[in-house]
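J.: Show me how the following folds:
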Amino acid sequence: MKHSKRFRELSKKTTEEALPLEKAISLLKEFGTTKFDQAAEVHLHLGVDPKQADQIIRGSIVLPHGIGKDQRVIVFAKGEMVEAATEAGADRVGQEDLAKEIQGGFLDFDACIASPDMMTVVAPLARILGPRGLMPSPRAGTVTPDVAKAVKEYKAGKVEFRNDNTGNVHAVFGRLSFEADQLTENLQAFLRYIQDLKPGTLKGSYIKNISISGTMSPGIAVSA
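T.: The predicted structure follows:
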């Protein structure tokens, strides 16, 4: 892959040696030289076996300072939950009508929440939403009887993640325009949460590698 001159110049500031978290954040802040506010991303390589169901690392967390993005949230609900979800800030609330729109190509949203009684409507959408990481699930907190709470959490910057088939986890933990201490606190909170999810059946090293980057910036190795 051919990188831009800017990317190559920034890469000269990085080393293979992992930096302490605060120093890594400080260097990352120097990479905010684009015309747009880049997302701050964290990339983890975990020593899990993705083929083992009890070693799948998946969850969601509301970071202390949010992620600096207005997330678009849709909700599958009916009855009194419709008004509750709308008042909480949901961008769209629907039932079968919303499902038909998604089947027709509507995917202009960042999170999909559903009340348990709507899963018969949502289940057929798995082949569309699943590959995009948008399928509601109880484990992620997106299938819940309290849809209003879930909407507020995602609007506040809730981050959802799951390891891929090689044991990697990727997530956004803010924007490069954030203050260094805000990025540090967000990243520390995320890493603590990941550590809490360590499978009891795992043998050997859990968090093998950590790196952070901007959307259009090189990676910086971080010491665990």
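
J.: can you list contacts of stretch 44-63?
T.: Residues from elsewhere that reach stretch 44-63 (Cβ atoms under 8 Å, 6 or more residues apart in numbering): 139-142, 153, 156-170, 173-174, 186, 189-190, 193-194, 197, 199-202, 204-210. C-betas here are computed from N, CA, C, even on glycine.

J.: end to end, how far does stretch 202-216 reach?
T.: 34 Å (Cα to Cα, to the nearest Å).

J.: what comes up buried for that stretch?
T.: Neighbour counts using 16 or more other Cβ atoms under 10 Å place 202, 206-207, 209-214, 216 of stretch 202-216 among the buried residues.

J.: Please name the residues that touch the closest residue to residue 71 other than its chain neighbours.
T.: Once flanking residues are discounted, residue 71 sits nearest to residue 110: 4.3 Å by Cβ to Cβ, 6 or more residues apart in numbering. Contacts for residue 110 (Cβ under 8 Å, 6+ apart) come out as 69, 71-73, 154.

J.: Around residue 75, how many other residues sit close by?
T.: Neighbour count of residue 75, defined by other Cβ atoms under 10 Å: 30.

J.: Which helix or strand contains it?
T.: Using DSSP states H and E, residue 75 sits within strand 73-76.

J.: So what are the sheet partners of that strand and their directions?
T.: In the sheet, strand 73-76 lines up against strand 92-94 (parallel), strand 111-114 (parallel) (DSSP bridges).
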